[in-house]
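Q: just coords:
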């Protein structure tokens, strides 16, 4: 009797994630948004902390990266440094596709900061045990009722106080 031959799937060597993700993104038609996000992140890395404080990548259209700048003075400064920025950006992972930079003046808080640390996930609220109600100050209430000048009102409030549950020990 011959032993059964098991069929195994041929082993394949490990592949870089990019070789697996990029075709999936193309299939899902997410390759252009992914390319844009990589370019925005690359600008944040290439710009450095000084420029990153006043400028953020806004969007990628074709090979042009639009950059939001806080003031017109910084827009002029970055325009003078454009060739150096593009060179550094093209040497940064994700920025290889950028050939042109355009600067727009506007508020930075509308554009995501790609190097800001992510906010920690909100912790679930601590489980609360039902709080014991505070002790009822019935004696204080009775003393306050006794000081009321109007006899009719004092009598009605005394009846209400009598209906209150006794204070707990």
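A: Arrived safely, thanks for sending. For clarity, every value in this text was computed on a predicted model and none was experimentally measured.

Q: what's the longest helix in this structure?
A: In the chain, with assignment by DSSP state H, the single longest helix is helix 31-52.

Q: now the helix or strand of the chain with the lowest mean pLDDT, how far from the centre of its chain.
A: In the chain, the helix or strand scored least confidently by mean pLDDT, DSSP states H and E is helix 138-146, which has a mean of 77. Computed by C-alpha atoms, centre = their mean, to the nearest Å, the separation of helix 138-146 from the middle of its chain amounts to 53 Å.

Q: Ok, stretch 72-82 next?
A: 29 Å.

Q: What are the buried residues along that stretch?
A: Buried residues in stretch 72-82, counted by 16 or more other C-beta atoms under 10 Å: 74-75, 78. All C-beta atoms are positioned from the backbone trio N, CA, C, and that covers glycine.

Q: What is the burial count for residue 14?
A: Residues lying near residue 14 (other C-beta atoms under 10 Å) number 6.

Q: what residues are up against it?
A: Taking C-beta atoms under 8 Å, 6 or more residues apart in numbering, we find residue 14 in contact with no residue.

Q: what's the answer for residue 89, then?
A: With contact taken as C-beta under 8 Å, 6+ apart, residue 89 is in contact with 42-43, 46, 65, 95, 98, 101.

Q: Disregarding flanking residues, what is the spatial nearest neighbour of it?
A: In this structure, residue 89 finds its nearest non-sequential neighbour in residue 95, 3.9 Å apart by C-beta to C-beta, 6 or more residues apart in numbering.

Q: Got the phi and psi for the one you found?
A: Backbone geometry at residue 95, expressed as degrees, to the nearest 10, gives phi -100, psi 10.

Q: residue ranges with poor pLDDT in the chain?
A: For the chain, applying pLDDT under 70 flags the ranges 1-10, 116-137, 165-169.

Q: let's see 80
A: Across the chain, residues meeting the criterion (pLDDT under 80) sit at 1-12, 17-22, 114-143, 145, 160-169.

Q: Isn't residue 103 up against residue 72?
A: No - counting by C-beta atoms under 8 Å, residue 103 stays clear of residue 72, with 9.2 Å between them.
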